[in-house]
Each structure stands twice: as C-alpha cells, then as structure tokens.
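Enquirer: fold the following for me, if possible:
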Amino acid sequence: MLTQLSRVLSRPTLLLSSLLLSSAVVATTPIASLEQAVSNNPLRSAANMARDQYRNPLPTLQFFDVTPQATVVEISPGGGWYTEILAPLLAEQGVYYAAHFPASAEGYGQRSRQAFVEKLSANPAYSKVKLTEFAPRPGIEIAPAGSADVVLTFRNLHNWYMAGGEEAMLTAFAHFYTALKPGGVLGIVEHRLPETQLDTDWTRSGYMPESLTIKLAEQAGFTLEARSEINANPKDTADHPGGVWTLPPTLRLGEQDRDKYLAIGESDRMTLKFRKPATP
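Expert: Residues are numbered from 1 along each chain as shown. Presented below is the predicted three-dimensional model:
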C-alpha cells in the first residue's frame, strides 16, 4: 500500500520536472535568424510582442546591421524588452553585452538592475549575456575597447540630457566610440522633438531634437550614415501635459483623456544610424 501511494504521489513531481525540462529545452533552442528572434521566439512575452507595432524590432535591427554573428552592446536595457530578442539571437555565433545601471546605483537604478539580474538568472537562455555597466560619466567600460560591431540605445538620450546636458551626452557617445570597432555602427532610437518646438521649454519633456542628437554624435567623431522613419508616428504632437510619458505605455495621466492618448499610440521616434570611421 505504501509503495503504491508513493508512486501516485510521485507522478505530479515527475510531470512538473518534465514540464520544467521541456520549457528549458524550448527556451535554449538556437535562434538562427533575426526574423525568428522577433516572430518565433519563446522567450518573448506576449506583453512585449504587443508593442511591436510601435517599436518595430525587425526592421529596426535590420537597419542597424544586427546579425546573429555580431557583437552587440545594448545601452540601458531596462526590463529587457530587446534582451528577449538579442540574447537568443547572439547566443551561438555572436556576443551580447547588456550595459545596465552600475552595480553601485541607488534608488530606481538599483531596483532596475536587480530586476534585470533576476530576469537573466531565471532562464538558461540568458546564460551567455555579458552584464556590464553604463552611466554617462568617465571611467565606465561598456565592453572591451574596439570589440563591438554595433552599439544600440533605445529611448535613453533624454535621460542623459536631463541629468547632465550636452556634456553627459558627449561622455556617453565617447564610451560608444571607444567600444566600437572601426567601421562599427551606433544605432539610436529616441523620442523626437519637432524642430519647430526648439524655442519651447522642451528639456524635461522626454523628447530630443534630432538636430541636436546629430550634432553631438558628430562632435564625438561619428558620421551620420542614414535616417529612417521606421519608428515615426505622425499622430504624436510632442506637446503633451505630462511629456512623452502622457502617451502609452506609461499613460501618466491615468484615466484623464486615456482614449485620446491610446489613439495616438506611442511616441514619434527618430531612428538614426551612425558609423565610426573605418580609418582615423
């Protein structure tokens, strides 16, 4: 009787172990192409995939020359929206550096980094992610000098500008320049301020002027190679009462005019491709 009872009780455990093993196998199945990493990738959450209509990951990463063989540095990956795509894509033939908040960060930065660390630890598919640090200040190494084919930053420039103005942005660009190989790509996606609003009090809005972004990147030594409207949204007027955070996904105003802002969608974004010169 005891033996039969033990067999019965062990079945749920065996079933659970089987499911966990199956999940791990699925999660670590090699991703062979960028298209697969975006559209047929078990790591991607349903909530993140729902934002593809605004973030357009496939054409964006194609525009920035990201391939499965590339060494890619993502700056400030936040909760890992792009990590879900880049980690499995680069796991076999490439390298993925996630340059998150420094380990010494406090407050929001500390919480954000810890949540990201927990995300990486929870799934073996992230085992090859190289977690480094980034802050727009001297003394930071996002990746070994001259090692990266591509450095990517998604909707971060406004944070550096709000914290330290042009000096902070130039420091950030200098880190990117150092990490990139000669001929490497710097890919920038950022909330775009209309040039007609340059004379307004835009500096705390979360939007950045495209002209200023280009000027500072070129000042840091980069060459602008191409612009794209992949992530453009002509419905966004960039003059909302709560800044860019008025729009989804944040919806800072809560229920106030919620349907209006949902109808606009996520922000209008510049998509800029810079190149580190192949020769000095």
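Enquirer: drop to CA atoms for contacts and neighbour counts, all remaining ones
Expert: OK.
Enquirer: pull up the pairing partners for the top strand by length along the chain, direction included.
Expert: Longest strand in the chain by number of residues (criterion: DSSP state E): strand 180-193. In the sheet, strand 180-193 lines up against strand 148-154 (parallel), strand 208-209 (parallel), strand 269-275 (antiparallel) (DSSP bridges).
Enquirer: look up how far residue 97 lies from residue 69.
Expert: 13 Å (CA to CA, to the nearest Å).
Enquirer: which of these two has more neighbours?
Expert: Legend: neighbour count by other CA atoms under 10 Å for residue 69 and residue 97, higher for residue 97 (25 against 15).
Enquirer: now for the more buried one: which residues touch it?
Expert: Each residue near residue 97 by CA atoms under 8 Å, 6 or more residues apart in numbering is listed here: 71, 72, 73, 74, 129, 130, 131, 132, 142, 143.
Enquirer: what is the neighbour count of residue 199?
Expert: Residue 199, neighbours per other CA under 10 Å, totals 7.
Enquirer: do the same with residue 195
Expert: Quick note: residue 195 (other CA under 10 Å) scores 12 neighbours.
Enquirer: which residues touch it?
Expert: 209, 210, 211.
Enquirer: in terms of helices and strands, where is the last one?
Expert: Using DSSP states H and E, residue 211 falls within helix 210-219.
Enquirer: tell me which other helices or strands that helix touches.
Expert: Counting contacts by 3 or more CA pairs under 8 Å, 6 or more residues apart in numbering; DSSP states H and E, helix 210-219 packs against helix 157-179, strand 223-228.
Enquirer: would JSON lines of the ones you listed with distance to residue 151 be doable?
Expert: Formatted as JSON lines, the helices and strands packed on helix 210-219 follow (distance: least, CA to CA, whole Å):
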{"stretch": "helix 157-179", "distance to residue 151": "7"}
{"stretch": "strand 223-228", "distance to residue 151": "14"}
